Structures are given as C-alpha cells and as structure tokens.
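The following comprises the amino acid sequence and a computationally predicted model.
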Amino acid sequence: MATNIGILSSGRMLVKSGMLSHQQACLRQVCGKRCLVVRAAVATQEAEAPAKLTASSSKVKVRFAPSPTGNLHVGGARTALFNWLYARKVGGKFVLRVEDTDTARSTRASEEAMKQDLKWLGLNWDEGPDVGGDNGPYRQSERSKIYKQYVDRLVAEGKAYPCFCTDEELEAMKAEAEAKKLPPIYRGKWPSASKEEVDAEMAKGTPYCYRFRVPSNKEYTINDMVRGKVTWNTDSLGDFVILRSNGLPVYNFCVAIDDALMGISHVLRAEEHLPNTLRQLLVYEALGFTPPAFGHMSLILAPDKSKLSKRRGATSVGDFKAQGYLAPAMVNYLSLLGWNDGTEKEIYTVDELTDAFSLERITKSAAVFDKVKLSWMNGQHLRSLPEDELVQLITSSLASANVIADASSPFAAAIAGLVKGSIDMLSDAVEQVPPLLGYPLQDTVQSEEFKSIADDNFVEVAQTVLTAHDSGDLAAAVAAGHDGYKKWVNSIGKAQKRKGKRLFMPLRIALTGRMQGPDVGDLLPALALESGSDVVDRSSFVPLSQRMEALRAWVGSQQQ
C-alpha cells in the first residue's frame, strides 16, 4: 500500500489518501524576491516498519536546531526533549545549534530566551552556544565561509550554477506552470547556459543566486524511524536555490552541511520537515556525506484537532514557567505527546523517562495538547515533593501575590498546609486561601442549600458553639489542635445526639461560615496563629472572636 503526495500550485501538498496527513509544501521566495524555491516533492510512503536502531551509543549524536525568531513553544520543546532523552538513554551527545540565517527576524534576545527555557526544562546540551565543542561555530550566521566553500565546490563540479532570472521571469514560470497544471518547478535557461552567457551577466553586475542541479527522474528513499519507508522522485522538485543573491545560504543547504560536519547521526524532528528531506538528501549525496537516520514526529494538535498555534492555545515554555508549572511536570507531559512506554503509566520522573524512552515507541498519530491534563499532572508532581519544599513553594506564592506578608511565618506554613492537597497549580493556592480567611455566614444562610440544615435546628448547634466560646471551651479546643477539636466535637455530638453530617455540617457553618473547605479542626488552629499583621488585606481576615459576634447577631435575629 502506498500514499502519493502531489503538489498544488498554491504550494500545499495534496494528500490523496489518509496515510500522510498534515504535510505541507510551501512556495518560498528566497534571494530577496529573486529566486523561487518549491519546498516540496512528490513522496511515497509505504506501510513498512520503521527503521530498527542499532547504532553504537558512542556514535549517537542528535541536535536541536531552533530558529531564534520568537519564543520556544511546546512543539519545539518536545522535539528538544525527545532528542535529549534519546541521547541520554544511549549515552550519546545532544547538540544545540542556532539556525539564525533569517537575519530579518532572528534576534539574540530570542536565542537567550530559548536557552533559558531549555535550561529550565533541564535539557542541558553537550555542544553548542555557551558550551563550545569541536564542531563550532554553533550559530549558522557565523558559518557563512563554510557554506560558501561548499557552494564553490558544487559549482566547480557542475552540481550547482548561478541563476540570473528576474522576479518577472520567475513569476511567469509560476503562472505558466499553474495554467498547464504542472509542478511549479524552476524551468529557466540557466542550467544549460554557456560560459559566455554567464560571464556576460557577471560583467553587467546582474544579481544572481546559486541553484542546485537536481538529477531527473531519480528516486530517493529513507526508512524513517517513525513513519517507515518514504520515497521521493526528483522530477517534481526542480533545481532549488542553495545560496541567495545576498550571500546567505538557504535552510536546506546549510542544515545538511551542518549535520554532516557536526557528525549528527540521528535527525528527529517534526513531520512538517519531511518535505525538506529530499533536498537534504541531494546535498548529502552531491558532497559525499553519509545521511543521518531520519525520524519525523507527528504534529501536536489543539483540543479541536486543528494544528496547534498560539491563536489556538499554544503557549511558550516561558509562559508556562511564569504561570507556575513545575519543570518536571512540563517534561513529563511533553514526553507523552507522541510517545508512550506501552503501559498505562503517566507520571514519570526525568530519570524514569530517560530509562524508559525509546524511538521505537514514538507514535505516528498526532498528539493533542490538553492544558487541563497538564495542570492535573502538575498537581501530581507538586504533591510528590517533600512536604517542606511544597509548603515553601506555596507560602512564597502567597507572599508574591500579597495574600500574606511573611512567607516564613508559622501562620503562612499552617495556611499552606490547609491547601497543599487540593491544588494543581501554585496559583490555585492564591485563589483558595482568601476565602478561608473570611466568614461569609450571611451568604451561606441565605442559600438554597442551607434550608435543610436550618430545618434541622441549626440554631441549637449555633447556640452551643456560642456557649463554648463564652466559657473558653472552644478556645481551649482550638489551642489543643486537631485532636483537641475532635474531642470537643464528639462531646457536642453526644450531648445533642447528633453524628455524621448532622453534626459536622452545622458546626462547619457556625465556625467558618461556609459549607465546604478543609478540615475545621485544622483551619481554626491555623487561623489562631495569625499575628495581626500576617494577612496583607486586613479587611479579608475575620478572627474567631469576630466570627462569634456575627453568629450571635444572626442567632438573635432568628429568635425575635
């Protein structure tokens, strides 16, 4: 069974059957506006098992090669992670290379932000910027002389040639191809131009780029580590640009040279790069380089199954960090976007992922990014932290949000202990703590849910609580901690012949003004630790004495 991918004149690849989805071909202008590059070729994918990996660990070398034109988003972070995990699993090397040949959009600030995001995730690199290595420089903008040497070699060997086509000529070729329903490939005269014609244009100073001379009707095949056997025919490609008229190399040319010179053994990347592979194979062959093993991972989709984009919920790694996600949780979640170990396990430490990871378990099907699932997973990792570390994170978050004044106070630790088991994000604590400090009795007693409790003689329980407060018994129970409070509750239950919800719910309402929340036996001792300045917004904090005054006023209103 085979899948053929054709090229539409619009530059997108037409999927004629369902096996190869989400492939793109785009018509890009390079050399400023001087040279048209068709970034696609007819491909055939056969339903064959992906390549079996037998590479020696000492020879495995992978890379992550981002373009510093924006933030590091989840798709790029997953690519980096899978490469990093594979290198660590087999004892290979992980290279960071910056592909910054897009001088108009690339910035050093973006590069620095990406590096910081990778470091936050724990994806340290063995070669690259800030680290060095034997195969530098690791920024493509610093490798121009290397690329020019290989362009000159290809020209000398007749495998590349200068192209002087104007913008108008290129547009005319494109229009003619569209009218005749032909692949929009280069059909200019310069592949067969005489030396005299070339010299004449050079003498006039006509701008030119260099094109790679593509062999006709030749098939190239890879055994993709994820997708199996994929084959292209060169007749749908046409001669493509390798060096722009401004002297900058084109992506598919320099990336092949960089991978070869840096000794990259495995190229694991997103499936949107699959159409680039034929051009890179041609460059490898022309220069006598051995191609790496290729693996193309499926796209990450938005919850509505559209391609993930910032407009549809994609967020940069830096944004997730700012929102309070833990790096181990982020790594854990990203690892499951297109990979599994064959079990039902979902929560992994980084060490467990390194041990379990294998390229053979990367799936062909697209992954769906679910922020709800990520938040749940973050909660699992939060609760797996040592208790003192978790409490410190919560109190620091509360202090940063100006809920509490001092993250190191006994009150802060006690309040953090109340919510530590119910949060998935540190920001959840910021939302959950303020309501615990207040006493919304009036709202609760006016709710529909309170009616059945009122009918069960809530006033009687409230009067008992007030009596205990006046006598000091309630304060003593709170001072004795959870066990002291529990003992006091049991004594009330026996006196009023109440138990279960009939006992606990009216007591909760009388003491907290709420029908939900943490254990009252933990909440009241925590509130008792408030020094008078621990809560930043003093109007939001209602101590036990003021609660009892409000309860007494309500009971009095019911007896009139």
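Happy to help now that I have it. All values reported here derive from a predicted model rather than from experimental measurement.

center of this protein, which residue is that?
Val74 (2.4 Å; CA atoms, centre = their mean).

Does that one touch Thr315 like I think?
Yes. If you go by CB atoms under 8 Å, Val74 and Thr315 touch, sitting 7.1 Å apart. C-betas here are computed from N, CA, C, even on glycine.

Other residues contacting stretch 153-166?
34-35, 151, 173, 186, 188, 190-191, 193, 198, 201-202, 206-213, 239, 241-242, 286-287 (CB atoms under 8 Å, 6 or more residues apart in numbering).

first to last residue in it, what's the distance?
End-to-end distance for stretch 153-166: 25 Å, by CA to CA, to the nearest Å.

Go through that stretch and flag the buried ones.
Residues of stretch 153-166 classed as buried by neighbour count (16 or more other CB atoms under 10 Å): Leu154, Val155, Lys159, Ala160, Tyr161, Pro162, Cys163, Phe164, Cys165.

what's the helix or strand for the first one?
By that I understand Leu154. helix 144-156 (DSSP states H and E).

tell me the average confidence for that helix?
The average of the pLDDT scores along helix 144-156 is 97.

Centre of the chain to that helix, how far?
37 Å (CA atoms, centre = their mean, to the nearest Å).

next SSE after it?
According to DSSP H and E, the helix or strand after helix 144-156 is strand 160-163.

Now the element after that following strand, going C-ward?
helix 167-179.

Buried ones in that following helix, by neighbour count?
Glu169, Leu170, Met173, Lys174, Ala177.

Would you mind writing the CA trace of the helix or strand just after that helix as CSV?
Per DSSP H and E, the first helix or strand lying C-terminal to helix 167-179 is helix 195-204. Taking C-alpha atoms only, helix 195-204 is exported to CSV below (Å, rounded to 0.1, in the frame of the first residue of the first chain):
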residue,chain,number,x,y,z
LYS,A,195,30.1,30.2,-20.1
GLU,A,196,29.9,33.2,-22.3
GLU,A,197,26.3,33.9,-21.2
VAL,A,198,27.2,33.6,-17.6
ASP,A,199,30.3,35.8,-17.9
ALA,A,200,28.2,38.5,-19.7
GLU,A,201,25.7,38.7,-16.9
MET,A,202,28.5,38.7,-14.3
ALA,A,203,30.2,41.6,-16.2
LYS,A,204,27.0,43.6,-16.1
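
Buried ones in helix 195-204, by neighbour count?
Val198, Glu201.

Give me the average confidence score over it.
Mean predicted lDDT for helix 195-204 stands at 96.

now do stretch 375-393
Mean predicted lDDT for stretch 375-393 stands at 97.

so where's the chain shaky on pLDDT?
1-58, 310-314 (pLDDT under 70).

give me the beta-bridge partners of the closest residue to Thr221 other than its chain neighbours?
In this structure, Thr221 finds its nearest non-sequential neighbour in Thr231, 4.4 Å apart by CB to CB, 6 or more residues apart in numbering. Applying DSSP bridges to Thr231 gives these bridge partners: Thr44, Thr221.

number of nearby residues for Thr231?
When counting by other CB atoms under 10 Å, one arrives at 16 neighbours for Thr231.

wait, doesn't it sit right on Asn223?
No. Between Thr231 and Asn223 there is no contact, the gap being 10.2 Å when judged by CB under 8 Å.

sorry, back to before: got the contact list for the residue nearest to the centre of the chain?
Val74 neighbours (CB under 8 Å, 6+ apart): Ile300, Leu308, Ala314, Thr315, Val317, Leu334, Leu337, Phe369.

Can you lay out those as TSV showing secondary structure and distance to Leu123?
Formatted as TSV, the contacts of Val74 follow (DSSP: H, G, I helix; E, B strand; the rest coil; distance: CB to CB, whole Å):
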residue	secondary structure	distance to Leu123
Ile300	strand	17
Leu308	coil	20
Ala314	coil	19
Thr315	coil	18
Val317	helix	10
Leu334	helix	10
Leu337	coil	15
Phe369	coil	19
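
Helices of the stretch 1-150 of the chain, residue ranges please.
Listed in chain order, the helices of the stretch 1-150 of the chain (DSSP state H, counting those that start in this stretch) span 74-90, 108-121, 144-156.

To Pro275, which of those helices lies closest?
The closest of those to Pro275 is helix 74-90. By CB to CB, the value is 16.7 Å.

Determine how far the closest one lies from the middle of the whole chain.
Per CA atoms, centre = their mean, the centroid offset for helix 74-90 relative to its chain is 12 Å.

The residue lying closest to Arg547 once chain neighbours are set aside - how many residues pack around it?
Among residues not flanking Arg547 along the chain, Tyr439 sits closest, at 4.8 Å (CB to CB, 6+ apart). By other CB under 10 Å, 22 other residues sit near Tyr439.

Please renumber the chain so that the first residue is 24 from this point on.
Yes, from this point I'll number from 24; that puts the last item at Tyr462.

Would you confirm that Leu271 contacts Thr126?
Yes. Between Leu271 and Thr126 there is a contact under CB under 8 Å: 7.0 Å.

Backbone torsions only: list them for the residue nearest to Asp542 when sequence neighbours are not counted.
For Asp542, ignoring the flanking residues on the chain, the nearest one in space by CB to CB, 6+ apart is His505 at 7.1 Å. Per-residue torsions, His505: phi -60, psi -40 (degrees, to the nearest 10).

How about Val83?
Dihedral angles for Val83 - degrees, to the nearest 10 - are phi -70, psi 130.

now that we're looking at it, which residues does it contact?
Tyr109, Ala110, Val113, Gly114, Gly115, Lys116, Ser288, His289.

Among those, pick out the one closest to Gly159, please.
Lys116 (13.6 Å).

And the closest one, how close does it get to Ile323?
Applying CB to CB, to the nearest Å, the value for Lys116 to Ile323 is 26 Å.
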